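[1] sequence? don't have it. structure:
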């Protein structure tokens, strides 16, 4: 079995989340985005710069859903 980095997995999760958003599958998209955050935090620690990009994407997702309090939490 080939080794696949957490970063590579996260890129796939983000791509899949974007596809789910386009299909209107918002619950699935949220799960994928949260999974990407969790995987990166576990692999690189909670303050790694790449996590910021995923948190921004999650915050944008929440803002677009009208979930402003949750969005604000992702931008802090």
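    Yep, that arrived. All of these numbers come straight from a predicted model, not from anything done at the bench.

[2] contacting residues around the residue nearest the centre of the chain?
    Among the residues of the chain, the one closest to the centroid is residue 33, at 2.7 Å (C-alpha atoms, centre = their mean). By C-beta atoms under 8 Å, 6 or more residues apart in numbering, residue 33 lies in contact with 13-14, 17, 54, 57-58, 61. Every residue, glycine included, has its C-beta placed from N, CA and C.

[3] go again with 6 Å.
    Counting by C-beta atoms under 6 Å, 6 or more residues apart in numbering, residue 33 touches 17, 58.

[4] element containing it, please.
    In this structure, residue 33 is located in helix 26-44 according to DSSP states H and E.

[5] report the buried residues of that helix.
    The neighbour-count check on helix 26-44 (16 or more other C-beta atoms under 10 Å) flags 29-30, 32-33, 35-37, 39-41 as buried.

[6] just these now: which is nearest residue 76?
    residue 37 (13.8 Å; C-beta to C-beta).

[7] pLDDT below threshold where in this structure?
    1-4 (pLDDT under 70).

[8] hmm, 80 instead?
    1-4, 6, 75-76 (pLDDT under 80).

[9] can you give me the helices for it?
    Under the criterion DSSP state H, the chain contains helices at 6-23, 26-44, 49-64, 68-74.

[10] so the helix holding residue 33 versus helix 49-64, what angle?
    Here the directions of helix 26-44 and helix 49-64 differ by 160 degrees (axes from the mean of the first three to the mean of the last three C-alpha atoms, to 10 degrees).

[11] got the contact list for residue 29?
    Taking C-beta under 6 Å, 6+ apart, we find residue 29 in contact with 17, 20-21.

[12] let's see it at 7 Å
    Shown in contact with residue 29 (C-beta atoms under 7 Å, 6 or more residues apart in numbering): 17, 20-21, 61.

[13] could you redo the residues you listed as CSV and give each row distance to residue 49 and neighbour count?
    Listed next are the contacts of residue 29 as CSV, based on distance: C-beta to C-beta, whole Å; neighbours: other C-beta atoms under 10 Å:
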residue, distance to residue 49, neighbour count
17, 20, 25
20, 25, 18
21, 24, 19
61, 20, 22
